[in-house]
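Enquirer: Generate a structure from the sequence data that follows.
(chains A, B and C)
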Amino acid sequence: MDAPKPRQSSGSSPAARRPLRFLLLLPLACGVLGALWIARAEAGRGHFSSAPSANSPVTRQVNSSSGVFSPAHPSVGEALDDFFDTYPTPVQPIAFNHSIHLAKGMKCTACHSGVTRGPDAGIPSITFCMACHQVIATTNPQIKKLAAYAAKGQDVPWQRVYWFYPSAHVRFWHAPHIRAGVDCSVCHGDMSRETVAVRQKGLTMQFCLSCHRAKGVSVDCTTCHY
Amino acid sequence: MAHRWGMVIDLDRCTGCEACVVACHAENNIATVGEKQAAMGRAIHWIRVERHWEGEFPNVRVRFQPIPCQQCDDAPCEPVCPTYASYQNAQGLNAQIYNRCIGTRYCANACPYTGRYFNWFNPSWDKPLQLQLNPDVSIRESGVMEKCTFCFQRILAAEANAQAEKRQLRDGEFSPACVQSCPSEAMVFGDLDDPQSEVSRLSRSDRGVKLLGEVGTFPKVTYLTRES
Amino acid sequence: MKRRTFLIFSAASAAGALVDVTHKKGLPGKEMIRFIPETKLVPGVAVHRPGICTQCPAGCGLDVRVMEGHAEVVRNGQAGLLRMGLAKKLEGNPEHPVNLGKLCARGQAGLQVTYNPDRIGHPLKRVGPRGSGEYIEISWEAAIGELTDRLRPLASQVDSSGLVFLTQPLRGQRQVLIERFLSVFAGSAHVPFEFFDDAVLREANGLSFGHYQLPTYDLANSRYVVSLGADFLGTWNSPVAQSLAYGTMRQGRSGVRGRFVQVETRMTQTGANADEWLSANPGSEGNLALGLAHVLINEHLRSAESAASAGDLIEGWKDGLPQYSSEAVAWKTGVPPATIRRLARDLSAHQPAVVIVGGSPLAQTNGLFTALAVNALNALLGSANQPGGLQFSPYAAGFAAPAEPRKGVLSPNELAQQILTGRPSPVQALLVYGANPAFATPPGWQVKESLEKVPFIASFSNFVDETTEMADLLLPDHSYLESWLDHVPESGTNEVVIGVAPPAMEPLHNTRATPDVLIETAHRLGGRAAQALPWKNYEEMLRSTVLPLRHFPGSVAAGSDDDFWKKVQQQGGWWGTTTGQTSKSASRPASFSPVKEQQPEFDGSAKDFPFHFLPFASQQFYDGRNANLPWLQEMPDVLTTAMWGSWVEINLQTAQELQIEQGDLVEVASAHGVLQAPAVPSPGIAPDVIAMPVGQGHAQYGRYATGRGANPISILGPQRETNTGALAWASTRVRIRRVGKNGELCLFSTGPITWGEKQLKR
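Expert: Numbers count the residues shown, from 1 in each chain, chains lettered A, B, ... in the order given. Alright, predicted model coming up:
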């Protein structure tokens, strides 16, 4: 009943593992790629046998939506990333500088306000950013980008930094952790020394469990996986 | 505080309306599989309503019986799992850990209530139907088993709420989706370890029986028989 | 180590490394744009908003669980992602007096109306021939402009504008709005239509009790219930309210368990719960009711006078109904005389008792006779307007009160004849809102053909169905979770209930609320039209109608109008005991003489068509409006476990004689049409009855419903109830033959159908 043993400790970066991988066999890799490809094709296929859309122009033209949503990986690349538990570094549209904001005395919860109340910390909309940046640092090239989004009536397409692949089936709730006095930096590192957020900690199951064990809280599987 | 969650289903109240069936689909992100797969027996219903015909026309009778996972104390699905994906959690629920599941389907074979369902392929939703999905519940992928969880996400949310408000959970404070929707109030959910709870009181009723009681699974679902 | 990884982990690593370098998340240009969200929701934390269910006419209150999510939307012609509040689950509103927090399967599935992939997302104008489905997308500005241009010449007509508004029956301010809108057009008509309409019972209740509305059955206090054909736990009247009361009747009272007998030709979900199930010949239920009354009177269990005016409507009542002796009735109904006497004595002994009638018995040519007979029996039992019996919900004046018998209301049949013949005046324009008569009327009514003759049709439907397919202009409504809603339940409660709810979520598509479209159209027409609809929008109209309620005792106490309006919205409506005017007697037409015994007439001869054909309201789709919801398609029918299709129910014995086995493809033919579907032999159906669920067999209704199963309405005869003119949908005769082996029956349970209760052990 013990937790599966993770491949490596939580701190090291994904790159550290790479040299090992080249030792491995190519043919089997091809097999995996093939299997994933088939799985993906399978998922994309609609399974409603008598779907009439092919001979009915109405359904084609009237529908405003198309496509299928499925937990299948959208690409082979993501499937492999999931497989190896690696998380690609997101490319942010604006190089948001955490350290500057924190140095000005802002609290994490000023922007990530959901953290005390719900599962997700959340990111505020551009309206929140522009409340200050109408007047502050308007000549900064990054702020100009921000203002450009606002002028177009768009929100900033921020990319998630911390997430779990769907196949991990993790349902993480921030609020109980904050209530228990776990500091943000325990999982997210010291953001006052970071500019653009990157995934500093591996957040593997081992990482979660070590803390849960140390604090004597539940390590039952269904605490997180359901 | 530990709980032992259980359910009572009053067959004298149940009307077979299947509100519980759809409520469960909506709450737990259960995908529809379509006609072709459904005809092959691959439709997934964590709770289903069995009907038992008795007699011949015109003296016919039907008895309805909703069957969710019975959450057995001594569950046949658990020891057969080679990866411990199927296990009993601290609150006595027969849980299924999708990450561990490798899809042997031994558990489905072992369950005398056929309460376990296999994902033969990745579920899919025609957009924008995916917007109905409940973010509190995992979406299961192809190759894993799934089953009734007694709406575990609701149990955890209620516990978290109570904890935040520094109080104990109250009886009837929350219920699984099936119990909540049941129009004739045939289902009752609660803590079996609390002798005062409605579910404890009803499960001690003279009408209380267990499904396939002789198998020795010790279910935490008690049925109250029909009185006619 | 993760699952599946054991053997191949090492090998796949190499490929993983290669992909790692090239795979980046969030590369510019590959992402959808994001719109600025307006939501104030905390991500992942649910809020609950009130709503009103519109899946059937009962009008249950909803509690909509809303959470933040990302939706792909189109705004100003641009596609992008919007973070918005999304309805995630529908529950019953715990405070709503009708459903008290409960909700049925069809109500639960309502989420899939809003998120349906086949919703019409923007206004469309037809460019190809009618029914071709060739449309172009137009703006709302242009769409309302087109509607206004089409209606303007009609508004100036002096005698007859030729405008017809075809809707589902509406119970609230939408009804008032449409009537006011039409008041501008001389000689215009509002045609409310739905297949399972209870016009016959309303008419009978008006005559017997002075209430032109459906009754509320106080089952929670009943000790004996006899139901004649009414599927009151599944689809009929107010099923959730009735199920709640039924649960209490069975096990909610200490030491008292109500007994329940169902009489019908095919076992419904409701009948399956009965303590005793009886089968009576189709159309003979009125005889049975009077047979019971005969026993009660002649055994001096009740005096004939106690039925008061309800009894006077039956010929021979005062004389003790001599022609309805148990033996005579037994011969007509097929129910043994001893059973009739026993039922009557039980009804008398277990008070309070109530007799319910609804569904197929009233869908015969003698439906009104049957309903009046049952009303007289209830009156004789002392069950009318009594606890444990039947009651009539009080209604609120000014809120689309329970209709009085509305003389001159057209049925789609008469409408079709008017269109086809041009008499009394040609129909120039047809507006369609929430009704689908092209699907739900028998072929003999010629609705589909007539639609082709109308010069202009505009539809406000969410979906392209068989009727909307004929429209020239599509002006899609919001889904009901995106709309301002109001609904006055006709039954299911003893309080005055006015359900009101603001939109639970922002609209997903470029749709517009139909009431708002009508108001804007009226404003563009100007003059009298603008005066008839003086409000800025529907919200303002609702507010102005609801505010006067503040002065009556009810569920909302508030110090000011604004406060009152806010609290009404939070609660999902207003309920109280009175709004000053609670009840109004319908005057009985002077010419209405006591009814004689009336035999049912059937379409088709018994020789050519030996079986009665019984279309029944499906547990999943009601009258077919829910057939496009995949949750309901995959919900097994509770008695047959059939999914994703139609089936034909036939008596087990009869099937054996005809060598029809489960799953065989059979052909059912009436004098009006032929259909094919798989057979399900069942023990719970009379040997001379063939039954089929209504709802499938859509020629056009989105990807989940189109071309699936068969539509039993398509083979119905056109005959109507003789007094009220309602469609007698249970009076067609058919023949059946086996076509072949594979009917493609899709069942959830393939096991034996008698997996008995012996499995239940202590």
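
Enquirer: and whichever helix or strand C:G85 is part of, what's its mean pLDDT?
Expert: Element membership of C:G85, judged by DSSP states H and E, is strand C:78-92. Strand C:78-92 shows an average pLDDT of 94 in the prediction.

Enquirer: now do stretch A:104-116
Expert: For stretch A:104-116, mean pLDDT rounds to 93.

Enquirer: Let me know whether it sits next to chain C.
Expert: Yes - on the criterion CB under 8 Å from any CB of the partner chain, stretch A:104-116 is in touch with chain C at A:113-114. (Each C-beta comes from the backbone N, C-alpha and C, glycine too.)

Enquirer: Got phi/psi on the closest residue to C:A606 other than its chain neighbours?
Expert: Counting by CB to CB, 6 or more residues apart in numbering or on different chains, C:A606 lies nearest to C:R733, which is 6.7 Å off, once chain neighbours are set aside. Phi and psi for C:R733, reported as degrees, to the nearest 10, are phi -100, psi 150.

Enquirer: Now for the residue lying closest to C:L41 once chain neighbours are set aside: which residues touch it?
Expert: Nearest residue to C:L41 in three dimensions, chain neighbours excluded: C:E68, at 4.3 Å (CB to CB, 6+ apart). By CB atoms under 8 Å, 6 or more residues apart in numbering or on different chains, the residues touching C:E68 are C:39, C:41-44, C:83-86.

Enquirer: Centroid-nearest residue for chain A?
Expert: For chain A, A:W163 is the residue whose C-alpha lies nearest the centre (CA atoms, centre = their mean; 2.8 Å).

Enquirer: buried stuff in the longest helix along chain B?
Expert: Scanning chain B for the helix with the most residues, using DSSP state H, yields helix B:152-164. Neighbour-count burial for helix B:152-164 flags B:152-160, B:162 (criterion: 16 or more other CB atoms under 10 Å in any protein chain shown).

Enquirer: just the strands in chain A please.
Expert: Listed in chain order, the strands of chain A (DSSP state E) span A:68-69, A:154-155.

Enquirer: Can you give me the distance of the most far-flung residue of chain B relative to its centre to C:T333?
Expert: Distance from the centre of chain B peaks at B:P58, with 34.4 Å (CA atoms, centre = their mean). Separation of B:P58 from C:T333 (CB to CB, to the nearest Å): 12 Å.

Enquirer: What's the per-residue pLDDT of A:Q61 here?
Expert: On pLDDT, A:Q61 comes in at 42.

Enquirer: My error: substitute A:P14 in the last question.
Expert: pLDDT, the model's per-residue confidence, is 39 for A:P14.

Enquirer: Over to the one 4 residues further on?
Expert: At A:R18 the predicted local confidence, pLDDT, stands at 43.

Enquirer: repeat for B:W120
Expert: In the prediction, the pLDDT value recorded for B:W120 is 95.

Enquirer: so B:G103 sits right up against B:V144, yeah?
Expert: Yes - the criterion here is CB atoms under 8 Å, and B:G103 meets it with B:V144 at 6.0 Å.

Enquirer: that older thread, which of the contacts of C:E68 lies closest to chain B?
Expert: Each of the contacts of C:E68 was scored against chain B by CB to the nearest CB, and C:L86 proved nearest at 5.2 Å.

Enquirer: so where do the helices sit in chain A?
Expert: Using DSSP H, the helices of chain A run over A:18-21, A:26-44, A:57-62, A:76-83, A:98-103, A:108-111, A:126-133, A:141-151, A:174-179, A:184-188, A:205-214.

Enquirer: Under the pLDDT cut-off, which ranges of chain B? List them.
Expert: For chain B, the stretches flagged by pLDDT under 70 are B:1.

Enquirer: who in it is up against chain A?
Expert: Counting by CB under 8 Å from any CB, chain B sits next to chain A at B:33-37, B:84, B:87, B:89-90, B:93, B:95, B:97-100, B:121-130, B:135-142, B:149, B:152-153, B:156, B:160, B:163-164.

Enquirer: Please pick the buried ones from these.
Expert: Buried subset of these (neighbour count, 16+ other CB under 10 Å): B:33-35, B:37, B:87, B:89, B:93, B:95, B:97-100, B:121-130, B:135-142, B:149, B:152-153, B:156, B:160.

Enquirer: what's the following helix or strand after the strand or helix carrying C:V374?
Expert: Here C:V374 is covered by helix C:367-381, with elements defined by DSSP H and E. Downstream of helix C:367-381, the first helix or strand assigned by DSSP H and E is strand C:390-391.

Enquirer: ok, and what's touching that following strand?
Expert: When contacts are defined by CB under 8 Å, 6+ apart, strand C:390-391 is touched by residues C:215-218, C:354, C:356, C:378, C:383-385, C:494.

Enquirer: Got a PyMOL select line for the buried ones in those residues?
Expert: This is the PyMOL syntax for the buried subset of these, where burial follows 16+ other CB under 10 Å:
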select buried, chain C and resi 215+216+217+218+354+356+378+383+384
